[in-house]
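In: pasted the sequence and its predicted model underneath.
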Amino acid sequence: MREGSAVAPLADGELKRMLDASIALVREVAQREIIPRFLRVSHGQRKDDGSLCSEADVAAQRFLIERLSGIRPCPVIGEEMSPAAQRAIWEASGDDPRGLWCIDPIDGTTNFINGLPCFAVSLAWLSARRVRLAVTYNPITDEMFYARQGNGAYLNGRRLPLRQVTSDIARAVGGVDFKRIPKPLADRIAVGPPFYSQRNFGSSTLDWCNLAAGRLDLYLHGGQMLWDYAAGSLILSEAGGWMCSLAHDDYDAEDVWRRPVIAALHPAVFAAWRDWVRQDTPLLGSACGTDTR
């Protein structure tokens, strides 16, 4: 922080107010800008990174940016901004005592465009570059996942996880997204995975939440952007889950713009999964120490 810019930690009551207002806002943007366009958007524009952006993404992001200032006036990073704008906002945010909003107006745009009912609106608020509150909403299933730091994670008022999960990786259901996973590791997973069954639903923000809920037991992604993992990482942590990157036990030590994730809900499954993934996998660092949430 710049000298003289330090502020007292936000009171939990204020954080709860912000969370409640964020939940209401996310539901409103889904009802006003996203659902009316579902099954009516037939195509999207291809961005430089190869992902799709639809008119619904742009409209939802604009709506969120306009309204978030009424919850807490501070900078906003959105997925549909230019990379240069995103990086400039991030670089300026570290010493900003107001904090930072991070939004993904529609995560799972390909699903959205193709009529698959697995996509979400996701937002997080960060202070000193640590996520303090998170909301992820699937408007088709009306499932609202949310958390604030130190107060647990919830789905529509039910504390997460929803069930007792296995401690045996051989019985685990894995969420694996093969994007950007090193090919030798991808081949090992395809040929001889240590878990029972594999799923991928096309929405990173919902993958985190499904793991936190106990619908998945473990998770792997080869590299996510800030808006893909910001909300989900807090929701999983508050649900009691564990995470690291391919090279770092401290998940927050990884590159903010392309962050791999190894995660699980049960600590025994996490340890077994982390060790299996890192075994003989190239391009890893030497940091392979203690479990770190």
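Out: Everything's here; your move. Residues are numbered from 1 along each chain as shown.

In: alpha carbons only for contacts and neighbour counts from here, please
Out: Will do.

In: tell me the domain boundaries of this structure?
Out: Annotated domains of the chain cover 12-151, 169-278 [automatic domain parsing].

In: which one of those lies nearest to Arg163?
Out: domain 169-278 (6.0 Å; Cα to Cα).

In: off-centre distance for that closest one?
Out: Mean C-alpha position of domain 169-278 versus that of the full chain (Cα atoms, centre = their mean, to the nearest Å) differs by 11 Å.

In: from the opening residue of it to its closing one, how far?
Out: 15 Å (Cα to Cα, to the nearest Å).

In: for it, give the mean pLDDT please.
Out: Model confidence over domain 169-278, given as mean pLDDT, is 96.

In: relative to Pro161, which of the domains of the chain is closest?
Out: Nearest to Pro161, of the domains of the chain and by Cα to Cα, is domain 169-278 at 4.2 Å.

In: pick the most deeply packed of the domains of the chain.
Out: Most buried of the domains of the chain by mean neighbour count (mean count of other Cα atoms under 10 Å) is domain 169-278; its value is a mean of 21.

In: re the thing from before, of all the domains of the chain, which one is nearest Arg159?
Out: Set against Arg159 and scored by Cα to Cα, those come closest in domain 169-278, at 7.9 Å.

In: list the residues that contact the closest residue to Gly202 other than its chain neighbours.
Out: Nearest residue to Gly202, sequence neighbours excluded (Cα to Cα, 6 or more residues apart in numbering): Gly108, at 5.8 Å. Listed by Cα atoms under 8 Å, 6 or more residues apart in numbering, the contact set of Gly108 reads 118-120, 202-204.

In: just put the domains of the chain in TSV and tack on distance to Arg163.
Out: Compiled in TSV, these are given as follows (distance: least, Cα to Cα, whole Å):
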stretch	distance to Arg163
domain 12-151	15
domain 169-278	6
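
In: right, so of the ones you listed, which gets closest to Leu162?
Out: The nearest among these, by Cα to Cα, is domain 169-278 at 5.3 Å.
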